[in-house]
Structure formats: C-alpha cells, structure tokens
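Engineer: this is a predicted model, with the sequence first.
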Amino acid sequence: MKNIYYLLRQEFYDQKKRIIVLAAVIFLIFLCSRFLQEFVHRFGGYIDYDYQEGIGGYLFAAGFIFTSICFSRSMHSKRGQHAWLMLPVHAHEKLIAKIISYSLLYPLGLIVFTFISSLVNEGIMRIIWHHSVPLFNLFDPMIWEMTGHYIVMSSLFLMGAAYFRSAHLIKTVLAVLAFSVSLTIILGLVTRIAYAPFFHDFMFSDTSKASSGLYFGNIHVDENLLFSQFNCDRWTKIGSVIVKSVYWGLLAPLFWTVTYFRIREIEAKDAV
C-alpha cells in the first residue's frame, strides 16, 4: 500500500497542470453558460439548465483522453521509460495506481468539483441576478450509474494506453470499431446458418399470403410466427442477464488483467 500511495502522489504531481487547466475550463464553461442564460432570462427567455446533463461530456471525453495517455510519459516515453522501469515497485502496483487514479479518483473528483462549481456559480447568479437553478445533485442515481459505465469503459482505454505506443485514443477507438464490425458479421453468419430451417417459415416473398407482419420490399416477416418459433421473450430475458453480467462483472477485470500482462511484457523486453 505504501508503494501505491507514492505512485499516486507521483501521478498527481505529473498531472497537476492538466488537472488545474481542466478544472478551470469546466468552471468557466459552467459560469459563462449560466451567466448567458440568466441574461437571456432577464429579457423574458426560458431557463432550462441542468448540471446533471453537463457532467457526462467531461466525464467520458476528458476521462478517456487522460486515460489513453496515462502511459505516454512513462512506459512509452524514451525519456521517462528508464526511470519508470527502475521504480522499486511491482507491475501490479503500477497498474493499481493507474486504476485508482483514472477509474476511481477522476470520476469522484469530477463529481465533487461539479457540485462545488454549481454551488459557487449559483451563489454568484443569486447575487447578480437574484435567481438561481437547482444545484448539482450528488445523489442522483443517474450520475452513479454513469460513473459505473465510465469505470467499465475506462478499463478498455487503459488497456489501449498500455498496448499502443502512439495515437492511443484513436487506435483504441478504431480497434473497438473493427472488433464490433467483425463480431456483428460473424454473429449474423452464424445466426443465418444455425436458424436456416426456420427462415422459410416466417419469411416469404408472396405478401398476399399474410394478413399481418412487417414488409421489406417483397419480403414479408410474420411477427407472430417469428416470436413463437424463437420464444423471443424468454431468450431476451436470458440474453439481458448474460450481457449485464458480462458487462458489469467481467469486462473491467479482463481488460485490467490484459493490461497487467502488457506491463510485464514491456518490463521484460525493454528492461533487458
């Protein structure tokens, strides 16, 4: 734990300028947008400002960017790699420090900072315009669900940061898109082959034989027969449980494990 604490402190000092710049930008955006809306409201305009909606972009966009470059100045840097390799800590401690910094402390710090910013901004608006909107709600379930999604998705960008030596964010996004397209094609082919005997029962070109259903040009899909053949309600519930279990329980540990072995690989190759 002591080594992780020192790594976290080093990470904070390395990223201190970026944190200050990001905090200043977020605060100014909140302040300027609120001042402009109050100015418009002064002349009869309508205010529909919600701090809950504004945090998503900063959480995901800035978080993914920071996570994608978290190894660029250490593990992948010609200047900093030697010092990083010579740190008297284990690979899992380096990984845990990154996970805590970018997957836990960043979203929690952003939530707290957004609340403080809303408190300061609405105080200023109350003094200047004698009007304010509700503060940022720390206990909104939507915010914490969003944070959960961020933790899962940031593990993917952390893995991309470890694997790619340059253009980390772009290469990670392109890799995800390529994997998604390939998986979609494979699943489509497997489904078409596995359920080929059922296709002629609920899809046929003579639309005059069917009283209801969906039409795609000359192809008709009988919805009732389709749902009865595949028992879609049951399989939808089972599939939903499986997908949620994999998403929330397996994805992040899987990506963190792959990242760990990537760190070990870099240490073994570049330290020789």
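Structural biologist: In hand now; what should we look at?
Engineer: which ones are touching the closest residue to Leu31 other than its chain neighbours?
Structural biologist: Using Cβ to Cβ, 6 or more residues apart in numbering and skipping the chain neighbours, the partner closest in space to Leu31 is Asn121 (5.4 Å). The way it works is simple: take the backbone N, C-alpha and C, and place the C-beta from them, glycine included. By Cβ atoms under 8 Å, 6 or more residues apart in numbering, Asn121 lies in contact with 27, 30-31, 34.
Engineer: closest one to Leu250 out of those residues, please.
Structural biologist: Phe30 (36.6 Å; Cβ to Cβ).
Engineer: picking that back up, next up, phi/psi of the residue nearest to Leu31, please.
Structural biologist: Main-chain torsions, Asn121, degrees, to the nearest 10: phi -60, psi -50.
Engineer: sorry, back to before: could you identify the buried members of the contacts of Asn121?
Structural biologist: 27, 30, 34 (16 or more other Cβ atoms under 10 Å).
Engineer: any idea how far the host helix or strand of Thr114 is from the chain center?
Structural biologist: Assigned by DSSP states H and E, Thr114 belongs to helix 106-129. Offset of helix 106-129 from its chain centre (Cα atoms, centre = their mean, to the nearest Å): 24 Å.
Engineer: likewise for stretch 77-90?
Structural biologist: For stretch 77-90, the distance to the chain centre is 28 Å (Cα atoms, centre = their mean).
Engineer: now it: mean pLDDT?
Structural biologist: Averaging pLDDT along stretch 77-90 gives 86.
Engineer: before we move on, what about stretch 144-161?
Structural biologist: According to the model, stretch 144-161 has a mean pLDDT of 95.
Engineer: try stretch 117-137
Structural biologist: Average pLDDT, stretch 117-137: 90.
Engineer: can I get that stretch as CSV, trimmed to CA atoms?
Structural biologist: Provided in CSV are the C-alpha atoms of stretch 117-137 (Å, rounded to 0.1, in the frame of the first residue of the first chain):
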residue,chain,number,x,y,z
SER,A,117,-18.8,24.7,-9.1
SER,A,118,-22.6,24.7,-9.1
LEU,A,119,-22.6,26.0,-5.5
VAL,A,120,-20.2,28.9,-6.4
ASN,A,121,-21.9,29.6,-9.7
GLU,A,122,-25.4,29.7,-8.2
GLY,A,123,-24.2,31.9,-5.4
ILE,A,124,-22.8,34.4,-8.0
MET,A,125,-26.1,34.2,-10.0
ARG,A,126,-28.1,34.8,-6.9
ILE,A,127,-26.0,37.9,-6.1
ILE,A,128,-26.1,39.3,-9.6
TRP,A,129,-29.5,38.3,-11.0
HIS,A,130,-31.4,37.3,-7.8
HIS,A,131,-32.2,34.0,-9.4
SER,A,132,-30.7,30.5,-9.4
VAL,A,133,-31.3,27.0,-10.6
PRO,A,134,-31.1,23.7,-8.6
LEU,A,135,-27.6,22.7,-7.6
PHE,A,136,-25.8,19.6,-8.9
ASN,A,137,-27.3,16.6,-7.1
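Engineer: centre of the chain to that stretch, how far?
Structural biologist: The answer for stretch 117-137 is 29 Å, by Cα atoms, centre = their mean.
Engineer: same deal with stretch 71-78?
Structural biologist: 23 Å.
Engineer: any figure for the gap between the residue nearest to Leu31 and Arg42?
Structural biologist: 16 Å (Cβ to Cβ, to the nearest Å).
Engineer: could you pull out the strands for the stretch 151-272 of the chain?
Structural biologist: Applying DSSP state E, counting those that start in this stretch to the stretch 151-272 of the chain gives strands spanning 203-204, 214-216, 219-221.
Engineer: lowest mean pLDDT across the ones you listed, which one is that?
Structural biologist: Mean pLDDT per stretch puts strand 214-216 lowest among those, at a mean of 44.
Engineer: follow-up on the earlier one: make TSV from the contacts of Asn121 and add pLDDT and secondary structure to it.
Structural biologist: Converted to TSV, those look like this (pLDDT from 0 to 100; DSSP: H, G, I helix; E, B strand; the rest coil):
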residue	pLDDT	secondary structure
Phe27	94	helix
Phe30	91	helix
Leu31	92	helix
Arg34	88	helix
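Engineer: Throw the residues you listed into TSV and include distance to Phe60, thanks.
Structural biologist: Formatted as TSV, the contacts of Asn121 follow (distance: Cβ to Cβ, whole Å):
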residue	distance to Phe60
Phe27	19
Phe30	17
Leu31	22
Arg34	22
